[in-house]
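Chemist: Prediction below, plus the sequence it came from.
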Amino acid sequence: MITTISKSVFAGSMLLVSILSVAGTHAPDTKSDLVGTWTLTIETPMGISNPILTIQKSVDGYVGTYESRRGKRSVEDIAVKGEAFSFRMLISMPMGDFEMVYEGSIDGGSMSGTIGNPMGEIAFVGRRSK
C-alpha cells in the first residue's frame with residue numbers, strides 16, 4: 001500500500017517537474033518585439049541621422065520617445081501587428097508643423113521601413129541597442 005502511494009506521489013512529482021521545466025524554458029518572442037531601445041539610421045539630404053527610439057509596453061498598449069539632435073519627443077499611435085509596426089510624430093519647424101509616419105517591420109534585433117512626410121518617403125534601418 002505504501003509502495004503504491006509512494007509510486008503515485010513520485011510519478012505526480014516527476015510530471016509536475018517536467019511541466020515546469022518545459023514552461024520555464026519558453027522565452028518571449030523577440031523576433032517581433034518592438035519593446036526596447038533602438039538606434040536608427042536615416043540617410044537624408046542633410047546627412048546621416050542616428051536618432052534613438054525607445055518603446056515600452058503600457059497598460060493601454062505602447063508608449064515611446066524619439067530622441068534626435070532636435071531634442072526628445074513622444075511618439076504617438078504606436079501599433080504592432082506581428083512583425084509590422086507603425087507610429088507617428090508631430091514635428092514643429094519654423095515653416096510649420098508636420099506629421100511623420102513611420103512604418104516598418106522587425107526581424108529580431110533589427111528593423112527597417114519608411115518614414116512618410118509631406119515631402120515624400122525616406123528609408124530607415126535600426127538596430128536594437130537595449
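Modeler: Structure's in. What do you need?
Chemist: what residues are up against Asn50?
Modeler: Taking CB atoms under 8 Å, 6 or more residues apart in numbering as the contact definition, Asn50 lies against Thr39, Leu40, Thr41, Ile42. For every residue, glycine as well, the C-beta is placed using N, CA and C.
Chemist: Then Tyr66?
Modeler: Contacts of Tyr66 (CB under 8 Å, 6+ apart): Pro51, Ile52, Leu53, Thr54, Lys72, Arg73, Ser74, Val75, Met89.
Chemist: pLDDT and distance to Gly61 added to the contacts of Asn50, as JSON lines?
Modeler: Shown next, in JSON lines, are these (pLDDT from 0 to 100; distance: CB to CB, whole Å):
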{"residue": "Thr39", "pLDDT": "98", "distance to Gly61": "23"}
{"residue": "Leu40", "pLDDT": "98", "distance to Gly61": "21"}
{"residue": "Thr41", "pLDDT": "98", "distance to Gly61": "26"}
{"residue": "Ile42", "pLDDT": "96", "distance to Gly61": "25"}
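Chemist: Provide a ChimeraX selection command restricted to the buried entries of those residues.
Modeler: Applying 16 or more other CB atoms under 10 Å to the contacts of Asn50, the buried members can be selected in ChimeraX as follows:
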select :40,42
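Chemist: Can you list which of the contacts of Asn50 are found in strands?
Modeler: The strands, defined by DSSP state E, take in Thr39, Leu40, Thr41, Ile42 from these.
Chemist: Let's have those in JSON lines, adding distance to Asn117.
Modeler: Shown next, in JSON lines, are the ones in strands among the contacts of Asn50 (distance: CB to CB, whole Å):
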{"residue": "Thr39", "distance to Asn117": "21"}
{"residue": "Leu40", "distance to Asn117": "15"}
{"residue": "Thr41", "distance to Asn117": "17"}
{"residue": "Ile42", "distance to Asn117": "11"}
